[in-house]
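Chemist: what's the 3D shape of this:
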Amino acid sequence: MSRPARGALYDRRTLTWKHNNQAIVLLGGPRAAILQICDPGVAAGVASYSTFKSDPLGRLERTLESMLAISFAPPKERERVLAGLERAHSRVSGTLEDGTEYSALDRDRQYWVLATLTDTVIEIDRRYLGHMRRADREAYYEESKRMAAAFGVPEDLVPPDYAAFRSYFADKVATLQPTAASREITRELMGPRIRGVPGFAWLPFNLVTTELLPARMRRELHLRDLNAMELATVRTAQLSTRNSIAHVPNIALGQIPFFSAPQRRAA
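Modeler: The predicted structure is shown next:
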């Protein structure tokens, strides 16, 4: 895919097109998903209504496909995907062990899910690319408000600027209380059981994901910190990527067969 569709939520001049369509953002997919299910309501919905055990990577795939279509597809396709998500979310509700009710239509939780995606793209750039400066991060955040509006998130739930967003995100990370379901889903995401793929194959990706997660969330999810050698390996990968990426042709998500369908629709 060489450009967004006519009338897409984000055109080719936006930072969202420049950054979200890069294959390297896939590195942050597990991090975003894990942060999402640190919210007990999100975790309960995933545990009760998704196929995360039989298809551990399915939710991640569907989320990425949906976000690509909403961002870069024609208006009719964008509305079709949004309507489908609204219908699916309307069936996801229940009660947590402490008696708190949850619903996938809760706009606060919907915004948290979107916030994890926004923050993850920024963190992937900060660690592995180094393209964004402060002004770019502020502009990128401003663009993210379009996605919140597309999902119907009320304006008063959306931080007014990037500084407020950083405070919002830090407060969420400091106060979220992951549950047993959060930890179970995290284990499945970091060790998906896929026929023909040995467990050790996920180790490099898990090192990346662990390093990307805030320290408090690692503790709450019972994930061990990286040892000195593991951390050095990740830091070396980050440095190598930052130094080499400018000399390697960019691979867009639409060039990966895994994501070809939504990108074809967006063309």
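Chemist: ok, now how distant is the residue of the chain positioned farthest from its centre from Pro40?
Modeler: Among the residues of the chain, the one whose C-alpha is farthest from the average of all C-alpha positions is Gly99, by CA atoms, centre = their mean at 28.2 Å. Here the distance between Gly99 and Pro40 works out to 12 Å (CB to CB, to the nearest Å). (Each C-beta comes from the backbone N, C-alpha and C, glycine too.)
Chemist: Pro178: helix or strand, and which one exactly?
Modeler: Taking DSSP states H and E as the definition, one finds Pro178 inside no helix or strand.
Chemist: which SS state does the residue farthest from the centre of the chain fall under?
Modeler: Reducing the assignment to helix, strand or coil with DSSP: H, G, I helix; E, B strand; the rest coil, the entry for Gly99 is coil.
Chemist: Pull up the distance across stretch 172-183, start to finish.
Modeler: 17 Å (CA to CA, to the nearest Å).
Chemist: tell me which residues of it are tucked away?
Modeler: When neighbours are counted by 16 or more other CB atoms under 10 Å, the buried residues of stretch 172-183 are found to be 172-173, 176, 178-179, 181-183.
Chemist: contacts for that stretch?
Modeler: Contact partners of stretch 172-183, identified using CB atoms under 8 Å, 6 or more residues apart in numbering, comprise 35, 37-40, 43-44, 46-47, 96-97, 112, 115, 186, 214, 216-217, 220-222.
Chemist: Which residue is the nearest non-sequential neighbour of Glu155?
Modeler: With CB to CB, 6 or more residues apart in numbering as the measure, Ala149 is the residue that lies nearest to Glu155, at 7.7 Å, once sequence neighbours are left out.
Chemist: how about the strands of the protein, start to end?
Modeler: Using DSSP state E, the strands found in the chain span residues 93-95, 101-103.
Chemist: just so I know, which of those strands lies nearest Met67?
Modeler: Shortest separation from Met67 across the strands of the chain is recorded for strand 101-103, at 20.8 Å, computed as CB to CB.
Chemist: can you list the residues that contact that closest one?
Modeler: 40-42, 44-45, 89, 92-96, 109.
Chemist: Which PyMOL command selects the buried ones in these?
Modeler: For anyone working in PyMOL, the buried entries among the contacts of strand 101-103, judged by 16+ other CB under 10 Å, can be selected with:
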select buried, resi 40+41+42+44+45+89+92+93+109
